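S.K.: Fold the following for me, if possible:
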Amino acid sequence: MATHLAAFLPEKGQPIEVREKQTLKPGPEELLIDVKAIALNPIDWKQRDFGFAIANYPAVIGSDISGVVLEAGSNVSATFKPGTRVTAFAPTFFAQGAPDYGAFQQRPIIPATNAAPIPEYLSFKEAAVLPMAYATTWAGWSTIGVPRTTSYSPSDKQGLLVWGGSSSVGSAVIQSAKLLGFTVYATASAKHHEYVKSLGASKVFDYKEPNVEDAIIKAGKEDGLTFQYGYDAVGATQSCQTILKALKGDGTARLASAPHPNPDAPTIEGVEAKFVAAAVDENARKEQFSFIFNTWLKERLEKREIVPSPRIQVVEGGLHGINKGLDILKAGVSATKLVLEL
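M.R.: Got it, this is the predicted structure:
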C-alpha cells in the first residue's frame, strides 16, 4: 500500500506532527496531487490552536498548494492529465479537517473544480499563494453582488475601496478589481504604498493617519468617483462604511468583509456590510470554484494579467517547518506570504 508524509493535527491546541499516511486514489471528479509548495494562511494557526472547522481528530488542515497532477479521476477533463502543473485550493474547511483533503501533506486529494493549471513561467512557490486569496476575493464579489461580467472603463468613474491592500486577500482584491475596470483606492502602511500601486491601486492611503477617512473622501470627490462597493480585507468595517456612505451616490453601497464584522458595531444607513463566504449549497459552490479556478484564474495566468502577491518568505523544513511557520504567522507578518517547499 502506497504511503506519503502528512502533517497531522492530533488534538486541538497541540503541535502538528508529521507521520506516514495511506495514499488514496482520487474519485471520479478528483485529482491526486504531488505537492511541491504550501502557502500558509492566518486561518491555519487558528484551526491548529482553536479547532475551527474540524469535526474529528487527528485532522489534516491547510488550503493553499501547488504541485503536479499524479492521477486524475475518470470524469476529469484532459486539462488535468498526469504531469500537469497546478495550483489548487484544498477543501479542508468543507471536509471539516478530514485527513485526505488537507493541504499539509505530500499527496492530498483535491476536487478538480478547485485547481488551475499554471504556466511554466510561474514557480511552484509563487503558484501556492494564489488559491485562498482569489477564492476569497471572488466569494466577496459574489457576496456583495458584483457581476462576473463587470467591465467598467475609466470614464465610468466607478471607484472601489480596499482596506488592507498589502495583505494576501487585499492584494488579490486590488488586482481583480482593476481587471473588472474599477478605479481602486486602497489603504496600507506607508512603506508598502508603491508596491500596492504596482498591483493596480490608483491611490493608496496610510491607514495609520488620524484623518485617513477624510483624506479618502476628499480624494474621491476630487476625482469625481462613485464608490458603490468596498472590500475590507483586515477588519476596519466602521471606517469603510463611513467612506462608502460619503461617496456612494444613490442607492445602497455594499461592503464585503473578510473578517466577521463586529455584530455590536453601529450600522450606517445606506451601507450594507456582509461577511465573505463561499456558497453554502455544494453544487453552487462547485460551480463557483470551477469558474474561479478552471476558468478565471487559468485565463488570467495565461495572459499574465495577475502576479502572485504579496511577497514570499520561504520557511525552511518542508512539512516539519509548519509549526514554526504558523507561529510566525500568529505573531504577525506584513505584506508577506509564508511558503513551505516540499
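
S.K.: switch to C-alpha atoms for all contacts and neighbour counts from now on
M.R.: Will do.

S.K.: Show me the shaky parts of this structure.
M.R.: Low-confidence regions of the chain, defined by pLDDT under 70, are absent; no residue qualifies.

S.K.: Let me see the domain layout of it.
M.R.: Structural domains assigned to the chain are 3-129+282-341, 135-275, following automatic domain parsing.

S.K.: how far does the first one stretch from start to finish?
M.R.: Which is domain 3-129+282-341. Taking C-alpha to C-alpha, to the nearest Å, domain 3-129+282-341 runs 19 Å from one end to the other.

S.K.: can you give me how far it is from the chain middle?
M.R.: On the basis of C-alpha atoms, centre = their mean, to the nearest Å, domain 3-129+282-341 sits 12 Å off its chain's mean C-alpha point.

S.K.: circling back to that earlier point, export the domains of the chain to JSON lines and tack on mean neighbour count?
M.R.: Formatted as JSON lines, these follow (neighbours: other C-alpha atoms under 10 Å):
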{"stretch": "domain 3-129+282-341", "mean neighbour count": "20"}
{"stretch": "domain 135-275", "mean neighbour count": "20"}
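
S.K.: correct me, but Gly83 touches Val69?
M.R.: Yes. Because the distance of 5.3 Å satisfies C-alpha atoms under 8 Å, Gly83 is recorded as touching Val69.

S.K.: I'd assumed Lys178 was in a helix, is it?
M.R.: Yes. Going by DSSP: H, G, I helix; E, B strand; the rest coil, the assignment for Lys178 places it inside a helix.

S.K.: so how far is Ser189 from it?
M.R.: When distances are taken as C-alpha to C-alpha, Lys178 and Ser189 turn out to be 20 Å apart.

S.K.: With Val69 instead?
M.R.: Here Val69 is placed at a distance of 39 Å from Ser189 (C-alpha to C-alpha).

S.K.: backbone phi and psi for the closest residue to Thr336 other than its chain neighbours, please?
M.R.: Setting aside the residues directly before and after it, Thr336 is nearest to Arg311 in space (C-alpha to C-alpha, 6 or more residues apart in numbering), at 5.0 Å. Arg311 adopts backbone torsions of phi -70, psi 150, taken as degrees, to the nearest 10.

S.K.: helix, strand or coil for Thr113?
M.R.: Taken by three-state DSSP, the conformation at Thr113 corresponds to helix.

S.K.: And the residue nearest the centre of this structure?
M.R.: Among the residues of the chain, Ala133 comes closest to the average C-alpha position under C-alpha atoms, centre = their mean, at 1.5 Å.

S.K.: Tell me which other helices or strands the host helix or strand of that residue touches.
M.R.: With secondary structure defined by DSSP states H and E, Ala133 is part of helix 131-144. Here helix 131-144 is seen to pack against strand 64-72, strand 85-89, helix 168-179, strand 253-257, strand 271-275 when contacts are counted using 3 or more C-alpha pairs under 8 Å, 6 or more residues apart in numbering; DSSP states H and E.

S.K.: out of the ones you listed, nearest to Gln288?
M.R.: Checking the helices and strands packed on helix 131-144 against Gln288 by C-alpha to C-alpha gives strand 85-89 as the closest, at 12.6 Å.

S.K.: And the closest one, what does it pack against?
M.R.: Contacts of strand 85-89 with other secondary structure elements, assessed using 3+ C-alpha pairs under 8 Å, 6+ apart, are made with strand 64-72, strand 115-117, helix 124-127, helix 131-144.

S.K.: Following element in sequence after the last one, please.
M.R.: Okay, so that is helix 131-144. Taking DSSP H and E as the definition, the helix or strand that follows helix 131-144 towards the C-terminus is strand 158-163.

S.K.: quick one: contacts for the closest residue in space to Ser66 that isn't next to it in sequence?
M.R.: Distances taken as C-alpha to C-alpha, 6+ apart place Thr87 nearest to Ser66, at 4.2 Å, with adjacent residues excluded. Thr87 makes contact with 64-67, 115-118, 124, 127-128, 130-131, according to C-alpha atoms under 8 Å, 6 or more residues apart in numbering.

S.K.: all strands for the stretch 151-300 of the chain, in order.
M.R.: Taking DSSP state E, counting those that start in this stretch as the test, the strands found in the stretch 151-300 of the chain are 158-163, 183-187, 203-205, 226-232, 253-257, 271-275.

S.K.: wait, what's in contact with Met1?
M.R.: Applying C-alpha under 8 Å, 6+ apart, the residues contacting Met1 are Gln22, Thr23.

S.K.: And Ala88, by the same measure?
M.R.: By C-alpha under 8 Å, 6+ apart, the contact list for Ala88 reads Asp64, Ile65, Ser66, Ile110, Asn114, Ala115, Ala116, Ala128, Pro131, Phe293.
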